[in-house]
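Novice: 3D, please:
(2 chains)
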Amino acid sequence: GAGVSQSPSNKVTEKGKDVELRCDPISGHTALYWYRQSLGQGLEFLIYFQGNSAPDKSGLPSDRFSAERTGGSVSTLTIQRTQQEDSAVYLCASSSQWRPSGGYTFGSGTRLTVV
Amino acid sequence: GESVGLHLPTLSVQEGDNSIINCAYSNSASDYFIWYKQESGKGPQFIIDIRSNMDKRQGQRVTVLLNKTVKHLSLQIAATQPGDSAVYFCAEIFTGANSKLTFGKGITLSVRP
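Specialist: Residues are numbered from 1 along each chain as shown, chains lettered A, B, ... in the order given. Purely as a prediction, here's the structure:
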């Protein structure tokens, strides 16, 4: 596609429920990243996929968080038993090469609100 | 651990003036730096980047300066316009295996008409 697409754009969920956030990267981009942005804060790294390599999960805050990338394209971030502190904007980015030039292309994010 | 930080949380400038946004980084191994602009409700948008073998790079109305001696990065915006109002982030990366961008907290640029 023309850009990185994320869905849903907004999600309100009850505490304790599971949620799935979807990211469609730019076609052909081998690298995909998930970041989390709390209100008025910077971007917190969550997880990184590069080609067929094992993902870098070092940023996942707890075992309630997991992510998959199927067929080297679409990625799903799953948060189980959501807590209020999970409320944030979840951003996905993709890049075309191992050593990116031109930066990463970000989607518009999914705003998650846990009530 | 490594961190990237910004000196000022907010910056207010008069329309038409030049803006300078500063950033400090701590990882001397970082070899690629990026400035992003984030408007309300949108994801970060690439503005300009610079590699560690350079100390200056110019784009359209923007210039990035890199001082590796003091680990300092700055973004200069010429003739600031109302459309420049946004949050600006610097980011650093060591472009080796398992590389990932590390972002600073961001600075809000507000342009007064």
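Novice: for the residue positioned nearest the centre of chain A, what are its contacts?
Specialist: Closest to where the C-alpha atoms of chain A average out (CA atoms, centre = their mean) is A:W34, at 3.2 Å. A:W34 is in contact with A:23, A:45-48, A:67, A:75, A:77, A:90-92, counting by CB atoms under 8 Å, 6 or more residues apart in numbering or on different chains. All C-beta spots, glycine's among them, are computed from the backbone N, C-alpha and C.
Novice: switch to 7 Å and redo it
Specialist: Residues near A:W34 by CB atoms under 7 Å, 6 or more residues apart in numbering or on different chains: A:46-47, A:67, A:77, A:90, A:92.
Novice: pLDDT below threshold where in the chain?
Specialist: No chain specified, so I'll use chain A. By pLDDT under 70, the low-scoring segments of chain A are A:1, A:97-102.
Novice: look at chain B instead
Specialist: For chain B, the ranges with pLDDT under 70 are B:1-8, B:97-98.
Novice: let's go with 90 and repeat that
Specialist: Counting by pLDDT under 90, chain B has low-confidence residues at B:1-10, B:25-29, B:40-41, B:93-106.
Novice: Which residue lies closest in space to B:R112, excluding its sequence neighbours?
Specialist: Leaving aside its chain neighbours, B:R112 sits nearest to B:Q14 (5.2 Å; criterion: CB to CB, 6 or more residues apart in numbering or on different chains).
Novice: which residues sit in contact with residue 66?
Specialist: If you meant another chain, say so; for now it's chain A. With contact taken as CB under 7 Å, 6+ apart, A:S66 is in contact with A:T78.
Novice: not what I meant, chain B
Specialist: Taking CB under 7 Å, 6+ apart as the test, what B:L66 contacts is B:33, B:50, B:54-55, B:73.
Novice: Check these against B:L109 and report the nearest one.
Specialist: Ranked by distance to B:L109 (CB to CB), those are led by B:L73 at 15.6 Å.
Novice: and chain B, which residues reach chain A?
Specialist: Counting by CB under 7 Å from any CB of the partner chain, chain B comes close to chain A at B:34, B:42-44, B:46, B:49, B:89, B:95, B:98, B:100-101, B:103-106.
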